[in-house]
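A.B. asks: With the sequence up front, the predicted model follows.
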2 protein chains.
Amino acid sequence: MSVDVGRRAVLRAATAGGVGVGLASASLAVPAGAGSGRRGPRVAILLYDGFTALDAVGPYEVLCRVPDASVVTVAKRVGPVRTDTGVLGLVADRALHQVREADVLLVPGAGNRGVIAAMQDEETVDWVRRLHEGTRWTTSVCTGALILGAAGLLRGVPATTYWASRSYMETTFGAVYTPGRFVESGKIITAAGVSAGIDMALHLASKLSGDRVAQALQLAVEYDPQPPFDTGSPEKAGPELQQLALQLLEDAAR
Amino acid sequence: MSVDVGRRAVLRAATAGGVGVGLASASLAVPAGAGSGRRGPRVAILLYDGFTALDAVGPYEVLCRVPDASVVTVAKRVGPVRTDTGVLGLVADRALHQVREADVLLVPGAGNRGVIAAMQDEETVDWVRRLHEGTRWTTSVCTGALILGAAGLLRGVPATTYWASRSYMETTFGAVYTPGRFVESGKIITAAGVSAGIDMALHLASKLSGDRVAQALQLAVEYDPQPPFDTGSPEKAGPELQQLALQLLEDAAR
């Protein structure tokens, strides 16, 4: 099958009237810094055995398109890191000892197995603590907050985490659980569970590059959510679905 | 730092009164098939050079927890596959020739470079066409629809795709562009851009395992979206943000 694959043809903006306008033909107001070669924010995403893929990939998909940003995945060892379900691997391109500073640190969450191991791993926790000293933003998604907690970063700090770990975060690390898709406390931003990392990343993009870029990035990932149900928080879902959710998580965990 | 890491402590359901209830202590109504060892849906996720990570990972995060589901990543060669930005690699665990059938086929999208190469790659397009013959559901996210189109699966079919590729999908492959986060046409379900794959996957989970499981999975990934802006569709964003979004996509593409 022969198809027209001119690079300008496949992706193009639609005007209000529905007529396509190729990218090359439009005048662009590019934000300061974009394409200028100026050094943008360096984003380090921690990967560890048993992490939850979407916790990392949601924010990655937004932050990698912040003008001039560089994103790097970091783990104890370079190479594939398997997720909580064991059925997916993401590649870490740097080892912890190779990344000594970042403007943005992102710590994804995991299920029980992964987050417990990470909290107990001194090398990982030390790395988080040391990197945090030089970050502009230290961020977590889901139970990633517990790793920030294990690094001693959440004592007395308003924060959020996965819905099923709220009380654990408070009682174990002295964080002040605060409702919200994400909670900003000084330079620490914690997101709620899994998909909340996307919301947080849009907020972070606005901090790094302004609202207009963040708004364009929301469109870039077509984030106009319309889930077919409305059970995305424990309050909306109720206790029975909470139990079922935890059961399904446990059943899929390797 | 010594922390309580009892497996029941880290993740637990919160009752309405705020008192934690450990998973093990609650009686569970597990859906038919869960944990029974009965063969569940086999999900094959196509990876190809330049694909968009969230297109694959959003649905993966939901579908991998459908009771008894098995999920496998498939590419031309086993091993790491780099995404559209080049800064992230996901591991394909099977080669195309190793996967001859699946209940669910998921084809993620990509930027210009990745989707053009995939549409022109006979081995990939043939594999999609052949797998489709035996699927219960053939699905795409974002410009993944164009690969379904290249396989000849969208002629006259109501479908959606990335906002910037709607007219290309219609004029090139004869699909009938239909608005929606996802569009179900017989056994073909196409999702809109990138993050829309999450919405589609919840719908698909309900088809595979019922509404209750899908609702619990929405909670499992805490998908209670509250983006800080409301610019996630081209209609809401307007022409200027459309151009900026395409520019940011192009700047980040490798």
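C.D. replies: Thanks, I have it.
A.B. asks: can you give me the helices in the stretch 101-250 of chain A?
C.D. replies: A:112-120, A:122-134, A:144-150, A:166-173, A:196-209, A:211-220, A:234-252 (DSSP state H, counting those that start in this stretch).
A.B. asks: Contacts for the second one next, please.
C.D. replies: Around helix A:122-134, the neighbours that count as contacts under Cβ atoms under 8 Å, 6 or more residues apart in numbering or on different chains are A:44, A:46, A:48, A:76, A:96, A:99-102, A:105, A:107, A:118-119, A:138, A:147-148, A:150-153, B:1. In short, each C-beta sits where N, CA and C put it, glycine included.
A.B. asks: I'd like the mean pLDDT over that helix, please.
C.D. replies: With pLDDT averaged residue by residue, helix A:122-134 scores 98.
A.B. asks: Can you tell me the closest non-neighbouring residue to the residue nearest the centre of chain A?
C.D. replies: Centroid-nearest residue in chain A, with Cα atoms, centre = their mean: A:P59, separated by 3.2 Å. Among residues not flanking A:P59 along the chain, A:A201 sits closest, at 3.8 Å (Cβ to Cβ, 6 or more residues apart in numbering or on different chains).
A.B. asks: so that neighbour touches A:A56, yeah?
C.D. replies: No - counting by Cβ atoms under 8 Å, A:A201 does not reach A:A56; the two are 10.7 Å apart.
A.B. asks: can I get the helices of the stretch 101-250 of chain A in a markdown table with distance to B:S209?
C.D. replies: A markdown table is the format used below for these (distance: least, Cβ to Cβ, whole Å):
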| stretch | distance to B:S209 |
| --- | --- |
| helix A:112-120 | 23 |
| helix A:122-134 | 35 |
| helix A:144-150 | 28 |
| helix A:166-173 | 27 |
| helix A:196-209 | 24 |
| helix A:211-220 | 31 |
| helix A:234-252 | 9 |
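A.B. asks: May I see those helices organised as JSON lines, with mean neighbour count and distance to B:E133 added?
C.D. replies: Output for the helices of the stretch 101-250 of chain A, formatted as JSON lines (neighbours: other Cβ atoms under 10 Å in any protein chain shown; distance: least, Cβ to Cβ, whole Å):
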{"stretch": "helix A:112-120", "mean neighbour count": "22", "distance to B:E133": "38"}
{"stretch": "helix A:122-134", "mean neighbour count": "16", "distance to B:E133": "46"}
{"stretch": "helix A:144-150", "mean neighbour count": "29", "distance to B:E133": "42"}
{"stretch": "helix A:166-173", "mean neighbour count": "21", "distance to B:E133": "47"}
{"stretch": "helix A:196-209", "mean neighbour count": "27", "distance to B:E133": "35"}
{"stretch": "helix A:211-220", "mean neighbour count": "25", "distance to B:E133": "34"}
{"stretch": "helix A:234-252", "mean neighbour count": "20", "distance to B:E133": "29"}
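A.B. asks: closest to B:G193 out of these?
C.D. replies: Comparison of those against B:G193 by Cβ to Cβ identifies helix A:211-220 as nearest, at 8.1 Å.
A.B. asks: So that closest one, near chain B or not?
C.D. replies: Yes - counting by Cβ under 8 Å from any Cβ of the partner chain, chain B has neighbours in helix A:211-220: A:D211, A:R212, A:V213, A:A214, A:Q215, A:A216, A:L217, A:Q218, A:L219, A:A220.
A.B. asks: closest to A:R65 out of the helices of the stretch 101-250 of chain A?
C.D. replies: Nearest to A:R65 among those is helix A:211-220; the distance by Cβ to Cβ comes to 5.6 Å.
A.B. asks: buried stuff in stretch A:78-92?
C.D. replies: Buried positions in stretch A:78-92, judged by neighbour count with 16 or more other Cβ atoms under 10 Å in any protein chain shown: A:P80, A:V81, A:R82, A:T83, A:D84, A:T85, A:V87, A:L88, A:G89, A:L90, A:V91, A:A92.
A.B. asks: filter the residues you listed down to the ones near chain B?
C.D. replies: Answer for the buried residues of stretch A:78-92 near chain B (Cβ under 8 Å from any Cβ): A:P80, A:T85, A:V87, A:L88, A:G89, A:L90, A:V91.
A.B. asks: tell me the mean pLDDT over stretch A:213-227?
C.D. replies: Mean predicted confidence for stretch A:213-227 is 98.
A.B. asks: my guess is A:V157 meets A:I188, correct?
C.D. replies: Yes - if you go by Cβ under 8 Å, A:V157 and A:I188 touch, sitting 6.0 Å apart.
A.B. asks: any idea how far A:G174 is from the residue nearest to A:P59?
C.D. replies: Counting by Cβ to Cβ, to the nearest Å, the gap from A:A201 to A:G174 is 26 Å.
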